[in-house]
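1. Structure of the sequence below:
(chains A, B, C and D)
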2 protein chains.
Amino acid sequence: MTNKIITEDQQKAARYAKAMGHPIRMYVLELLSKQSCCYSGDLTEELPIVKSTLSQHLKELKNAGLIQGEIEAPRIKYCLNRENWKEAQVLFGKFLKMDSEEPFTNC
Amino acid sequence: MTNKIITEDQQKAARYAKAMGHPIRMYVLELLSKQSCCYSGDLTEELPIVKSTLSQHLKELKNAGLIQGEIEAPRIKYCLNRENWKEAQVLFGKFLKMDSEEPFTNC
DNA sequence: ACATTTGTTCGTAATTTCACGAACAACGAA
DNA sequence: TTCGTTGTTCGTGAAATTACGAACAAATGT
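-> You can find the predicted model right below:
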């Protein structure tokens, strides 16, 4: 099955995109991209969802590899997974910003 | 309700991300980002899905505003929606590539 | 030891996504 | 007009997503 039409990079990019595909998760990611870390308790206060729902969203971001949690008892400190974050940058940058500034006649 | 915690831009970005959150759709987008246009018939041949399923995916990309179809009877020619594509570039670029090259100690 | 704080897990329900085949609509060609 | 091509829509079912509250687990503080 080397005959893959859809590349590994596309699978990865889709996976990252899916994780970003919810306003709550986008909010958390953007916050972490400019704040270096946060605690879920603070997020629960400002976001219109209960803590269990937030926990699910954070878990998805974790599973996608975009963030990581670190125990800082009794709380948990979340921050970006810089390694994968960079990979996401590369993957998205690779196809997102092609021929950006051209006066392209739509086909 | 000016008290929005989650911004419009975050909603938009999440919407675009969600549309990109499937390998098939990522494949189509990447193809269009380097090929300027394509026909769904060709896609059906190379992709492991039936035409009705592909039609659904293309519809999602259309609804998200990322692509547009143009009748070129008897086929339909698809290409990127350059305007929204650029918006997606800006939105993603805005939070995706912050402090990229720093020797960041993860918190 | 006990209560409090913090966050995850579980159970549940409504909604959405994904995929398929069948039926349909639009159009060009014979 | 009839046929073949192209793509959408409809109906269906399986699986995933989203959200909530209740229950639970871990660690700190009293």
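2. How about the contacts made by A:His57?
-> Taking CB atoms under 8 Å, 6 or more residues apart in numbering or on different chains, we find A:His57 in contact with A:22, A:24-25, A:28, A:49. C-beta here means a position set from N, CA and C on the backbone, and glycine is covered the same way.
3. Output these in TSV; the columns should cover pLDDT.
-> Formatted as TSV, these follow (pLDDT from 0 to 100):
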residue	pLDDT
A:His22	98
A:Ile24	98
A:Arg25	98
A:Val28	97
A:Ile49	96
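4. Which one (most neighbours) among the residues you listed?
-> A:Val28 (25 neighbours; other CB atoms under 10 Å in any protein chain shown).
5. any idea which element that residue lies in?
-> Element membership for A:Val28 (DSSP states H and E) is helix A:23-35.
6. Which residues does that helix contact?
-> Applying CB under 8 Å, 6+ apart, the external contacts of helix A:23-35 come out as A:19-20, A:38, A:43, A:47, A:49, A:54, A:57-58, A:60-61, A:66-67, A:78-80, A:85, B:5-6, B:10-11, B:13-14, B:17, B:95-96, B:98.
7. give me the subset of those touching DNA strand D.
-> The subset of the contacts of helix A:23-35 lying close to DNA strand D, counting by CB under 7 Å from any atom of the strand, consists of A:49, A:57, A:60.
8. and the closest residue to the first one other than its chain neighbours, how far is that from B:Leu61?
-> What it means is A:Ile49. The shortest distance from A:Ile49 to any residue other than its chain neighbours is 6.5 Å, reached at A:Ile24 (CB to CB, 6 or more residues apart in numbering or on different chains). Here A:Ile24 is placed at a distance of 23 Å from B:Leu61 (CB to CB, to the nearest Å).
9. returning to that earlier point: buried sites along the helix holding A:Val28?
-> Residues of helix A:23-35 classed as buried: A:23-33 (neighbour count, 16 or more other CB atoms under 10 Å in any protein chain shown).
10. picking up where we left off before, the ones next to DNA strand D among the contacts of helix A:23-35 into a markdown table, with extra columns for secondary structure?
-> As requested, those are exported to a markdown table (DSSP: H, G, I helix; E, B strand; the rest coil):
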| residue | secondary structure |
| --- | --- |
| A:Ile49 | coil |
| A:His57 | helix |
| A:Glu60 | helix |
